[in-house]
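>>> After the sequence you'll find the predicted model.
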Amino acid sequence: MSQNLSRWYNVIMKTTVPLAASVALSVSFSVCARDISPLFRPAADERPYGAAPRSRVLEDGGTGPYKAVMTEVPGFAEHTVFRPADMSPFNPDKPLPVLVWGNGACANSPIEHAKFLNEIASHGYLVLATGIFPETDEPYRGPMSRPEQQIESINWAFAAQDGAAGDEYCGRIDVKKICIAGMSCGGLQALHNCADPRVTAVMICNSGLFSDPSKAMPNMPMPRKEKLKELHSPVIYILGGEPDIAYGNGMDDFHRINHVPAIAANLPVGHGGTYGQPHGGEFAVVARTWLDWQLKGDAGAAKMFVGKDCGLARRPGWTIERNALAENVVEIKAEQLPVFSHGACVLKRFRNGAYEIMGAMNSKGALQ
């Protein structure tokens, strides 16, 4: 098989056959493929192949150190990408963690959460949002999205990391750090997909599983409460307090989760959250800080959620609850360990005196 044919074969296998996480995480390609977007699944809303990708800059690119852009990727139908406009700072030694997002009302457009997602991207994240690219700020009116679109986002991240979307993404994506998330109906989609072994964190916003699925809206994904047992990574519920129509469902979920670390954060703003406020408002601050902790190993970010006098408890209006596993994390610290020949190790120390090794820490104080 020629080198070109071999490359095509590898890409086709990568983009059409879901790989087990243990295998997928070990695969890498030294050469980035180019101009192969026809391999991705077409859709009725997709623009003609070869058309220039559309993009928009929102709120001057966000407040983070990496000015963000909202864009589309040819062939990646029914998905919108939020990412740093300049991808050159990111490489295999400094890859972008991934946030996979589902929208409120299961809308097939991220326009209602664009400021929130753009802000997160500006702090060094690749955000893969369900839905077609919103050319204007007009509310979306169209068919609902599908839960499978989140899985398509994860599949695309792996393929793009290995070159299927060209040099701009190749080698710049951290496929070992993927958070699946969503708001309201999008949160139900995230819980529907939470068992995927490639998921390393879960963020549920203004949402929670229905105790009585018959009360749900038509066409909403409706896992039963038993689905919570399939969670296998840390989870946070970010809710709008008692005025939030999803508060009861979300808090009931939280109180049922005892096998993975779980946090419930509430700000009494109702079901709409703060997504439409400048830069996504308070919800964006809390979400991004939790992502910094979970996906980047940022010890400073952990202080917002760890300890009795944590940062979130001091922010006006916010309340925080933690389950026993999350409560047991009393500090994040770096120490030299004999098992490492050099460098530092990031640890979680539990009340019983045990330590969990989270990973090696680089010179900038983040997990490698």
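Arrived safely, thanks for sending.
>>> Do a quick rundown of the helices in the stretch 1-150 of the chain.
3-16, 21-24, 114-121, 148-161 (DSSP state H, counting those that start in this stretch).
>>> Quick one: mean pLDDT over the first one.
So that's helix 3-16. Across helix 3-16, the average pLDDT comes to 39.
>>> And the third one, by the same measure?
Along helix 114-121, the predicted local confidence has a mean pLDDT of 98.
>>> What residue spans form the domains of the protein?
3-327, 329-368 (automatic domain parsing).
>>> from the chain's centre, how far out does the longest one sit?
Distance of domain 3-327 from its chain centroid, counting by CA atoms, centre = their mean, to the nearest Å, is 3 Å.
>>> From Gly270, how far off is Gly187?
Distance from Gly187 to Gly270, counting by CB to CB, to the nearest Å: 15 Å. No exception for glycine: its C-beta is placed from N, CA and C like everyone else's.
>>> One more: Gln150?
Distance of Gln150 to Gly270, given as CB to CB: 25 Å.
>>> same check, this time on Gly182
18 Å.
>>> Between those two, which is the more surrounded one?
More crowded of Gly182 and Gly270, by other CB atoms under 10 Å: Gly182, with 31 against 17.
>>> in a helix, that's where the more buried one is, yeah?
No: under DSSP: H, G, I helix; E, B strand; the rest coil, Gly182 sits outside any helix and is assigned strand.
>>> what's the closest non-adjacent residue to Ala181?
Residue nearest to Ala181 in three dimensions, not counting chain neighbours: Met203, with 3.7 Å by CB to CB, 6 or more residues apart in numbering.
>>> Do a quick rundown of the helices in the stretch 251-368 of the chain.
Going by DSSP H, counting those that start in this stretch, the stretch 251-368 of the chain shows helices at 281-296, 299-302, 311-314, 324-327.
>>> Can you say which of the ones you listed is packed in most?
Mean neighbours per residue, mean count of other CB atoms under 10 Å, is largest over the helices of the stretch 251-368 of the chain for helix 281-296, with a mean of 23.
>>> Check which helices and strands it sits against.
Secondary-structure packing of helix 281-296 (3 or more CB pairs under 8 Å, 6 or more residues apart in numbering; DSSP states H and E): strand 96-102, helix 114-121, strand 173-183, strand 201-205, strand 235-239, helix 299-302.
>>> okay if I get those as JSON lines plus distance to Ala264?
Formatted as JSON lines, those follow (distance: least, CB to CB, whole Å):
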{"stretch": "strand 96-102", "distance to Ala264": "19"}
{"stretch": "helix 114-121", "distance to Ala264": "19"}
{"stretch": "strand 173-183", "distance to Ala264": "15"}
{"stretch": "strand 201-205", "distance to Ala264": "10"}
{"stretch": "strand 235-239", "distance to Ala264": "5"}
{"stretch": "helix 299-302", "distance to Ala264": "17"}
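>>> how about those, which one is nearest Glu138?
helix 114-121 (11.8 Å; CB to CB).
>>> neighbouring contacts of that closest one?
For helix 114-121, the surrounding residues in contact (CB atoms under 8 Å, 6 or more residues apart in numbering) are 58-59, 61-64, 66, 68-70, 82-84, 99, 101, 110, 127, 129, 134, 137, 273-281, 283-284, 287-288, 291.
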